[in-house]
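# Build me a model from this:
(chains A, B, C and D)
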Number of protein chains: 4
Amino acid sequence: MNQKRWRQLTERPLIVVSLVFLIAYAWLVIANLQPPASDVAVSLILVSWLVFIADYAIKVSIEPPGRRIRWVTTHLFDLAILLVPVLQPVRMLRGVLQRNAGAAIRLRILAYAGAAAVLLLFVASLTVLSAERGQPHADITTFWQSLWWAFETVTTVGYGDEIPATAVGRAIAVVLMVGGVTLLGVITATFASWIVSQVGQAEEEATATVGHLRALEARIESLEQLLREALDDRMTTRR
Amino acid sequence: MNQKRWRQLTERPLIVVSLVFLIAYAWLVIANLQPPASDVAVSLILVSWLVFIADYAIKVSIEPPGRRIRWVTTHLFDLAILLVPVLQPVRMLRGVLQRNAGAAIRLRILAYAGAAAVLLLFVASLTVLSAERGQPHADITTFWQSLWWAFETVTTVGYGDEIPATAVGRAIAVVLMVGGVTLLGVITATFASWIVSQVGQAEEEATATVGHLRALEARIESLEQLLREALDDRMTTRR
Amino acid sequence: MNQKRWRQLTERPLIVVSLVFLIAYAWLVIANLQPPASDVAVSLILVSWLVFIADYAIKVSIEPPGRRIRWVTTHLFDLAILLVPVLQPVRMLRGVLQRNAGAAIRLRILAYAGAAAVLLLFVASLTVLSAERGQPHADITTFWQSLWWAFETVTTVGYGDEIPATAVGRAIAVVLMVGGVTLLGVITATFASWIVSQVGQAEEEATATVGHLRALEARIESLEQLLREALDDRMTTRR
Amino acid sequence: MNQKRWRQLTERPLIVVSLVFLIAYAWLVIANLQPPASDVAVSLILVSWLVFIADYAIKVSIEPPGRRIRWVTTHLFDLAILLVPVLQPVRMLRGVLQRNAGAAIRLRILAYAGAAAVLLLFVASLTVLSAERGQPHADITTFWQSLWWAFETVTTVGYGDEIPATAVGRAIAVVLMVGGVTLLGVITATFASWIVSQVGQAEEEATATVGHLRALEARIESLEQLLREALDDRMTTRR
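Down below sits the predicted model:
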């Protein structure tokens, strides 16, 4: 058993578990569950987390004992989503962004960025809501307020009608802001690439391609052949 | 009669009807018409809508019975502008963005983005105004306030002096924010493409073009011809 | 006398007059001059404006009578800066953005965008200040407040601590917002072009250049010459 | 001793001194030190500053007397970080952004932009805090508030919950806004360059490369050789 094989085996089950985790967390936060009703959601969250911990422990144990510390330090992302399990649904995004030719790659990048944005908005709304709701003078007390705040933050509009007041809320806000700026960069870049290629198409036809060079090469080859025959022919004649 | 023919026949009349719809809706909302004065505007809106429904019904009936459901599921945009007729003026934008060489394409993209922005701002202002006006404590009660709010939202400035409070208003705000980010992306990308081509022009002249390769090819062809003549000539001489 | 010659003759004097106009206007607005002290500034503004009107009248009269209306409709920018003389300093920007090879063009574009931004910020601050100051409950009553507001608007930060309340103020705000978005686009695009060229430099060396093709061409030419000599030589020998 | 040698010798020690300066300044501002406790921090700041002045004086004295004024006017950045020593840590950024091929250069640019952003945010937060704290009705009175304000400004979100009121605070805000816009440009541009190269990879393989041209050249060369032999051979035969 090696890392790659283990990842292949566990990829799909772990996506399901991370979805269970996200749904249980969303239910707990949005419905503002109180005990004893909240016990089911909390249990689901804890069980999912145990599964993530077990997966991580197995991955570490797969490595030979001498290289385990090295594996942990070179796989910090695995450690991060273990400690902040709300990031687990990021697993769903993996594998979406694979190399692909032409227009298809741009659609994939936009789809990936869109999916990442939706996930970021949803998880940030949930986390900020659970952090802010309990505070006195909190602006954000319902999921819709939290989602509205997340949208105006990620697009860098920032009306300022709702502002997180807790340290956790502000840390998530910073992540959303940086995410918004990056997202904006990706969208802009994808359009830029598309426009450049549209404009370039006409000029492209005027650029040298291997096809033209191959044709040239073939021509020279036939010319060489002709010459060789001419020489052979003369040699034969003269003798 | 097929879809393409029907579209060609109805394109212009439907643009006129969608303009009538937009003007009637704008008149109703901006002038805040009350009955009985509002009856004319409402009638125009309903008649326009009936025209859109008739157009959609005919398009569905043109398809052979077995493929109608498939047509509906593959033409969701037609369904969307049927259900949200305020999107009908989008018809005016169709056909603007056609392929074109060199600088012209960039001007077309900017013109298209500009027209889309004006339409988005106008329709969003109207819809938010009609959604917010009736609310107690509403920030947005006149068309100018609504338009001002739309501008600061679409450019992501977001002063926060006027903020929609209703669910409909906030949903439109989200569309405006996302539209603003995308618009910004298109403008940036168009400038990027232009600057890259300006910078590239000097270097471009140093790049291989088909013209140069053609000249080369012609040269090799004449060389081949010369050789062929030389060989033929010798063959003849020798016999 | 034709348009081109007239423009060459008047370009520099008009830049000086537009500077006088801008300084007089800035002095009038920033120092909030009251009569009789304001008379000097107002006189300077009116005299400058008369110069602009005279320049425009002469340009129209240079055209043959039959083409004057056509000239006016195809030179709307000249008409615009005649009617809104605060735009006159734009003359200073003309001619800065000229084609230039390599890195130089990017620096020129950044310099041009920077100069346009400074001018836009300065003129917008002055105009908004003069529009807002007289209003009751005005946020913007000093030049520093106006400049601060202009900066947070053009960068799309938009804190919302100071907001224009008059129609003129808001119209200028919209110009600043759109200018900010465009400026952001130009800056981004210039960096994009620079990064693309940095990344491309290594790959560039692997691309076909005219130099290589010329060398090839020369080679084929000498080959052709050799063949021609060989044929001539044989012809001579045989006769 | 020349400038280059001096820079090489002092580069590392000066980075250490600028770090000492930054830490002492941060300690003074964040902990809001009062005398006599603040004396240590102030002493460290003054000593660091003396080191910077000494370094500058030596650099000037290295130049021959006649060229000293010219050196000062062509090295305004050195003068700027002498007068505003809080910019000294910029030294740490120097040398990060060096030319490098392929993907590596994009990572370097992002790393450089990220490091510059962190430094800008940290220094701006400290300076704004020390400028605002003493004011009546100040919004920004703790380091966390200042850092939160810096984040929402640099990403152009601008909620407007905390706004600098002093001239110094607003000047720094303008630097942060412009920095934010530029940073956004760099991030966007880096993604654009990456997406363009991803999309281009498939098309790239169809473009003419020097490799192909070299093969062509070699072919023509061998052809020429063959011809030359043929001619020499005939000459020999005929005599």
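
# how about the helices in chain A?
All helices of chain A, identified by DSSP state H, fall at A:3-30, A:38-62, A:68-74, A:76-83, A:102-132, A:143-154, A:167-204, A:210-238.

# could you dump those to TSV with mean neighbour count, distance to residue D:112 and mean pLDDT?
No exception for glycine: its C-beta is placed from N, CA and C like everyone else's. Shown next, in TSV, are the helices of chain A (neighbours: other CB atoms under 10 Å in any protein chain shown; distance: least, CB to CB, whole Å; pLDDT from 0 to 100):
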stretch	mean neighbour count	distance to residue D:112	mean pLDDT
helix A:3-30	16	33	89
helix A:38-62	15	33	92
helix A:68-74	12	24	89
helix A:76-83	13	22	87
helix A:102-132	19	23	84
helix A:143-154	24	25	93
helix A:167-204	21	16	80
helix A:210-238	14	37	70
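
# who wins for proximity to residue D:107 among these?
In terms of CB to CB, the element of those nearest to residue D:107 is helix A:167-204, at 14.7 Å.

# which helices and strands sit right next to the closest one?
With contacts defined as 3 or more CB pairs under 8 Å, 6 or more residues apart in numbering or on different chains; DSSP states H and E, the packing partners of helix A:167-204 are helix A:102-132, helix A:143-154, helix B:102-132, helix B:167-204, helix C:167-204, helix D:143-154, helix D:167-204.

# So what's the gap between the first one and the chain middle?
Same thing as helix A:102-132. Remark: helix A:102-132 is offset 9 Å from the chain centroid, using CA atoms, centre = their mean, to the nearest Å.

# Dump the helices and strands packed on helix A:167-204 to CSV, plus distance to residue B:12.
What follows is the helices and strands packed on helix A:167-204, written out as CSV (distance: least, CB to CB, whole Å):
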stretch, distance to residue B:12
helix A:102-132, 31
helix A:143-154, 38
helix B:102-132, 17
helix B:167-204, 27
helix C:167-204, 32
helix D:143-154, 49
helix D:167-204, 37
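
# rewinding a little: for residue B:178, find the nearest of the helices of chain A.
The nearest among those, by CB to CB, is helix A:143-154 at 8.4 Å.

# hang on, the earlier thing: can I get the helices of chain A in JSON lines including distance to residue D:137?
Shown next, in JSON lines, are the helices of chain A (distance: least, CB to CB, whole Å):
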{"stretch": "helix A:3-30", "distance to residue D:137": "37"}
{"stretch": "helix A:38-62", "distance to residue D:137": "43"}
{"stretch": "helix A:68-74", "distance to residue D:137": "49"}
{"stretch": "helix A:76-83", "distance to residue D:137": "41"}
{"stretch": "helix A:102-132", "distance to residue D:137": "26"}
{"stretch": "helix A:143-154", "distance to residue D:137": "26"}
{"stretch": "helix A:167-204", "distance to residue D:137": "22"}
{"stretch": "helix A:210-238", "distance to residue D:137": "70"}
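
# Nearest approach to residue B:186 belongs to which of those helices?
helix A:167-204 (5.3 Å).

# Who are the contact partners of residue A:177?
By CB atoms under 8 Å, 6 or more residues apart in numbering or on different chains, the residues touching residue A:177 are A:153-154, A:156, D:151-152, D:155, D:157.

# and which of the residues you listed is nearest chain B?
residue A:156 (5.0 Å; CB to the nearest CB).

# From chain D, how far off is residue A:142?
Distance, residue A:142 to chain D, using CB to the nearest CB, to the nearest Å: 19 Å.

# repeat for residue A:73
Distance of residue A:73 to chain D, given as CB to the nearest CB: 19 Å.

# try residue A:232
Residue A:232 sits 11 Å away from chain D, going by CB to the nearest CB.

# Also residue A:175?
Separation of residue A:175 from chain D (CB to the nearest CB): 10 Å.

# residue nearest the centroid of chain A?
residue A:93 (4.9 Å; CA atoms, centre = their mean).

# wait, it sits on residue A:115?
Yes - Residue A:93 lies in contact with residue A:115 (CB atoms under 8 Å); the separation is 5.9 Å.

# Would you mind putting the contacts of residue A:177 into JSON lines with distance to chain B alongside?
Putting the contacts of residue A:177 into JSON lines (distance: CB to the nearest CB, whole Å) gives the following:
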{"residue": "A:153", "distance to chain B": "10"}
{"residue": "A:154", "distance to chain B": "8"}
{"residue": "A:156", "distance to chain B": "5"}
{"residue": "D:151", "distance to chain B": "16"}
{"residue": "D:152", "distance to chain B": "11"}
{"residue": "D:155", "distance to chain B": "11"}
{"residue": "D:157", "distance to chain B": "8"}
